[in-house]
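Participant: Structure for this input, please:
(one chain, ligands or ions: 3)
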Amino acid sequence: MNNTLDFQGYTILIIDDTPANLGVMVEHLEVCGCRVVVAQDGEEGIKRAQFIQPDLIFLDVMMPGMDGFETCHQLSMLADTRNIPVIFMTALTETADKIKGFAAGGVDFISKPFQIEEVLARANIHLALRKAQRELEAKNVQLQAEVSFREGQARILEMIATQAPLTEVFERLIRLIEHNSSGALGSVLLLNRDGVHIDLCVAPGLPEAYCTALVGIAIGPQVGSCGTAMFRRETVVVTNIETDPLWSDYRSLALNYGLRACWSTPILSPEGPALGSFALYYKTVHGPTPADLALIELATHSAGIAIQRYQTQARIQHMAHHDALTDLPNRILLEDRLNQAIVQARRDQNHVGVLFIDLDHFKHVNDSLGHHVGDALLMEVAQRLRACVREGDSVARIGGDEFIISLPRLADSHNSAQVAEKIVATLSSAIQLNGHDLHIGASIGISLYPEDGEDANTLLRAADTAMYNAKEKGRNNYKFFTAAMNEAAQQRLVTTTRLRKALVQQEFVLHYQPQVSLKSGAIIGVEALLRWNNPELGMVLPSRFIPMLESTGLINEVGEWVLRMACEQSMAWQREGLPPVRMAVNLSAHQFQTGDIVRVVKQALDETGLNPKQLELEITESVILDSSELIIGALHALKKLGVTLSLDDFGTGYSSLSYLQRFPIDRVKIDRSFIDKVTADAGSAAIVCSILDLSRNLGLDCIAEGVETSLQMGYLQNQLCSEIQGFLFSKALPAPELAAMLRADCRLPMMPPNT
Ligand code: C2E
Ligand code: MG
Ligand code: MG
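Facilitator: Ligands and ions are numbered 1, 2, ... in the order given. Below is the predicted model:
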């Protein structure tokens, strides 16, 4: 039987005052493989039990001094002995004694004199029980640890969710892991967005100097445990820093602080480079158990969630303060920075400059070449603007083609003019996109703190007003804000309101001035001329309000109305049975620069049903002098619709007739100023002659405007001018009066040509 028992690894304590009894017992127990310790009395027994922590105690009841029951009772009162099973050995056989023994905490009785087989059999049972109990305890401890770990984890997730600072989350996480892996010192490293350099080291248990030394290090294939783990994107376990080649460059740094082992796992994002690493250091040469590795994986996972969450948060923040297309600050951020700059400037007694930049032909590019080209253009502009400023200055995009630059800490207000000049220069050089050479200028308004305003809003408004002024004064330049501009801006506001009201309340009307043939004297066309029938001012002529419509941008709306109205009128006359005549409509250069002119014309034709051949569009030299591809493209598109184009007020600009060949022009209108003096001034006469000559050679038709006298008409007739328009025949008339003229077939009394 003895042979089958195996007490290997167990320790048994025997407490008995008569050692002679014990010889056999010790011998047999030792044969079974266990360690046997003996004590002579209760007190010694308790001490030994505390010290050696036996798995089982045999305890004699009858001993001098403290008897067995008392000894057992005391053992059961002590924390480190209370769970050790005690078997009484006694000659007492009374049931009452046994009850007393169990009450004292004993688990069993062996009667003296004992049979060794019984001793061994009982030892076997209680050791097995003890073993099971130990295992249960261990399991319990493990379960408790797991629960507390999960609680710790939940707390960390809660911190992430409530956006506790990232370093606090990491510290908590590290403490949790350290608590669960004895001797471990945790660290979290964060990698810079460049994916190469270490930005941050959180390691509450490591010396601060060590952490500081890690910041800025570039990761690589042999950069300690963490640098290598992040580089390789896999776990790196170094059990002995002293000998591992991965640590060759950083060995002395780690050993200096007593760090001997380091296992690191990279924190990976689904895409792109590693975000950072989680590592455990040890002060002894040390390798991980599978449980350690599982723990590290868990920590790495939590750290990854935290980092990604914070990155998303940062991205949202960034999006709220930046323009999505150019990534420049938006208005919110700009105002914030501007206000900060103002506070600083107030303290340091210097200036802040605000530049309001508006691109000159942007809408045009967008409308004619499409949004993708427009977007690419804005990105290029953003790039060029950034290159014009110093670090600390802010370039922001606040709307379609509007940019703001704030220049803090200006020692001298003239510095802002230098920046503005730089911008005008850089934006006036062509931008090449999609095979197009885009010429885009900028108009810039400048305001200054403290001269023009004390807060961001006032300064922005002042710069906006100055920009407006720059635009009016002929684009591609800059203007400083002045108080006078403010008044002008106020005035403009009043006028805009009035003009807008005029449009809504239908105070605009068209008058029509006939154009007649010098061959037949018959009316061959009319020019629609705009009038403002204002209840207070009476009939206002265009020279007084067209510039205002242009400067307020209302010209696009009003121009659209004019086109529509003129086409409708022409159709109305035709429906009345009047002979169809050409309808000439004036277009402003603004309608080419900021309006969608081709669409507007097409729509007017489509919606009224007017034959495009009967519509003539009068453009001025200022339109074609801006010989950008976009304008030429628009002119060709208009021609394609079937309308004719005439060049109004010819001779007053700078274009030569040969220059006109580049444009799809049908007719030239000789300006009134030459006709006025044609019979009195040889120079004017010569100009008129050469215009008529050249246009004939180029195959262009010609009309003379402002013909007031028969003398003028006679001269033009002699020079073979084919058409005239002017007070000689008629001024511009309301529609019904012109209809009457058409109906009556009024003709110009013709003179026989001079010979
Ligand atoms: P314009 O296109 O050169 O129009 C001819 C102008 O000369 C008209 O002045 C007309 O009344 C005037 N006129 C015609 N014959 C004679 C004449 O024999 N002697 C004199 N002294 N003047 C004559 P109005 O109507 O005041 O228009 C002035 C300018 O306003 C126009 O010059 C045109 O540039 C602009 N305009 C008129 N209506 C519109 C319009 O609907 N849209 C746009 N964008 N501009 C318009
Ligand atoms: Mg005209
Ligand atoms: Mg004219």
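
Participant: Now do the top helix by length along the chain: distance to the chain's middle.
Facilitator: Secondary structure of the chain per DSSP state H: the longest helix is helix 116-161. Helix 116-161 sits 53 Å away from the centroid of its parent chain (Cα atoms, centre = their mean, to the nearest Å).

Participant: show me where the stretch 251-400 of the chain has strands.
Facilitator: 261-267, 276-282, 351-359, 394-399 (DSSP state E, counting those that start in this stretch).

Participant: highest average neighbour count across the ones you listed?
Facilitator: A comparison of those by mean neighbour count, using mean count of other Cβ atoms under 10 Å, puts strand 276-282 on top with a mean of 28. Quick note: C-beta positions are derived from backbone N, CA and C, even for glycine.

Participant: Strand partners (parallel or antiparallel) of that one?
Facilitator: strand 185-191 (antiparallel), strand 261-267 (antiparallel) (DSSP bridges).

Participant: what would the ones you listed look like in TSV with distance to ligand 3 and mean pLDDT?
Facilitator: Listed next are the strands paired with strand 276-282 as TSV, based on distance: least, Cβ to the ion, whole Å; pLDDT from 0 to 100:
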stretch	distance to ligand 3	mean pLDDT
strand 185-191	70	95
strand 261-267	74	95
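
Participant: Based on its surroundings, how many neighbours for Lys479?
Facilitator: Lys479 has 21 neighbouring residues, counting by other Cβ atoms under 10 Å.

Participant: Equivalent analysis for Gly33, please.
Facilitator: 12.

Participant: helix, strand or coil for the residue nearest to it when sequence neighbours are not counted?
Facilitator: Sequence neighbours aside, Gln8 is the residue nearest to Gly33 in space, at 3.8 Å (criterion: Cβ to Cβ, 6 or more residues apart in numbering). Using DSSP: H, G, I helix; E, B strand; the rest coil, the structure places Gln8 in coil.

Participant: Now do the same contact list for Gln8.
Facilitator: Residues in contact with Gln8 (Cβ atoms under 8 Å, 6 or more residues apart in numbering) are 32-34.

Participant: Can you name the residues that contact Leu173?
Facilitator: Residues near Leu173 by Cβ under 8 Å, 6+ apart: 156, 186, 188, 299, 302-303, 306.

Participant: Might one say that Ile670 is in contact with Cys702?
Facilitator: Yes: the pair Ile670 and Cys702 qualifies as a contact (Cβ atoms under 8 Å) at a distance of 6.6 Å.

Participant: how far does the host helix or strand of Leu13 sit from the chain's center?
Facilitator: Per DSSP states H and E: Leu13 is located in strand 11-15. Between the centre of strand 11-15 and the centre of its chain there are 76 Å (Cα atoms, centre = their mean).

Participant: Which other helices and strands does it contact?
Facilitator: The contact analysis (3 or more Cβ pairs under 8 Å, 6 or more residues apart in numbering; DSSP states H and E) places strand 11-15 against helix 22-31, strand 35-39, helix 42-52, strand 56-60.

Participant: Single out the most deeply packed of the ones you listed.
Facilitator: strand 56-60 (a mean of 27).

Participant: That strand pairs with which strands, and in what direction?
Facilitator: Strand 56-60 has the following strand partners under DSSP bridges: strand 11-15 (parallel), strand 86-90 (parallel).
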